[in-house]
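Q: fold the following and give me the result.
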Amino acid sequence: MLLLLAMALSVAFGARQVGLAEIIAAVSGRVETLGDAAVASRIPRTLLALLAGAALAISGGVMQGLTRNPLADPGLLGVNAGAALAVVMGIAWFRIDDLAHYIWFALGGAALAAVGVYAIASVARGGATPLRLALAGAAVTAALSSLTTAIILPRGDIGGLVQSWLVGGVGGATYAQILPILPFLLAGLVISLLAARKLNLLALGDDTAAGLGEKVALARALSAIGAVLLCAPVTAACGPIGFVGLVVPHACRLLAGGDYRWLLPFSALGGAILLTLSDVLGRLIARPDELDVGIVTAFIGAPVFIWIVRRRKVGAL
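A: Here you go, the predicted structure:
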């Protein structure tokens, strides 16, 4: 019901006020007035917000289970920053201008960033603990973001476009923007759902999981692949959007508990709802202009992040 309400609000509200007749006309494919055209342009925007929110939330839930770290999130572990840096490098140095190419650059950058964060956190004795992963992720995110800025600053020809993209948003979405990311999101969803049982075992600890017959290294690799396949295409299409993967899994644990076979589907719904409503809120706050959804989710997610950090049992899921 919340998802349907969020979709209805996303189609109905924006810079132009529209009525029910215009909404029905646009949904049925008839675009005869400016109101009809406004609604028609909001439909792909709504679909992209739904897909991006669901993908980021599942990716965050998988990362939290993979690292046993309640602070894990594509934005906080450097995955978003790696994908963004790779896309910016592709635009600046290789002159790519097609979303299909953005996706491959984003996948490579996200994967390298994830491997780098895990490697840095694993250097010290005791391996990649939740605290070390969070610190390594913060350091890598800062470094990659600085590199991204260094590439953009001397390039006045791409600076405005790239900086707008780096904020993170779903404005101006088209079906041509959505179709290329669908195969990657579907593959990431399937892999993540298949890894749900493995994440339940990993939550017990590596030794316990291995004692129960789970191949820990394979489980981690499979989960990481699923998370990257969900996060990177969304970053390529929308820019880096933070905090969705952090906030939503925590909220959904109150409803679904800690079983990832339930938590991941709930997170998909929760992420779609959160990002769609955040997009609507961004349109209404600055009307007739709008705030990009990445700014709105940051305002929502930052207090939740602080609350999680202040909890005493921050190391436990």
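Q: for residue 12, give me its contacts.
A: 18, 23, 39 (C-beta atoms under 8 Å, 6 or more residues apart in numbering). (C-beta placed from N, C-alpha, C; glycine too.)
Q: one more: residue 36?
A: Applying C-beta under 8 Å, 6+ apart, the residues near residue 36 are 22, 25, 26, 30.
Q: any weak-confidence spans in this structure?
A: 130, 311-317 (pLDDT under 70).
Q: from the centroid of it, which residue is nearest?
A: residue 56 (2.9 Å; C-alpha atoms, centre = their mean).
Q: now that one. Nearest residue, chain neighbours left out?
A: Counting by C-beta to C-beta, 6 or more residues apart in numbering, residue 56 lies nearest to residue 244, which is 4.2 Å off, once chain neighbours are set aside.
Q: count the residues that sit near the one you found.
A: 33 (other C-beta atoms under 10 Å).
Q: so it sits against residue 297, correct?
A: Yes: assessed by C-beta atoms under 8 Å, residue 244 is found in contact with residue 297 at 5.7 Å.
Q: shared neighbours of the two, which are they?
A: Joint contacts of residue 244 and residue 297 (C-beta under 8 Å, 6+ apart) are 274, 275.
Q: between the contacts of residue 36, which sits nearest residue 95?
A: Nearest to residue 95 out of the contacts of residue 36 is residue 26 (C-beta to C-beta; 36.2 Å).
Q: against residue 33, how distant is that closest one?
A: According to C-beta to C-beta, to the nearest Å, residue 26 stands 9 Å off from residue 33.
Q: the more surrounded of those two?
A: Set residue 26 next to residue 33 and count neighbours by other C-beta under 10 Å: residue 26 wins out with 23 against 14.
Q: excluding its backbone neighbours, what's nearest that one?
A: Counting by C-beta to C-beta, 6+ apart, the nearest residue to residue 26 once its immediate chain neighbours are dropped is residue 39, at 3.5 Å.
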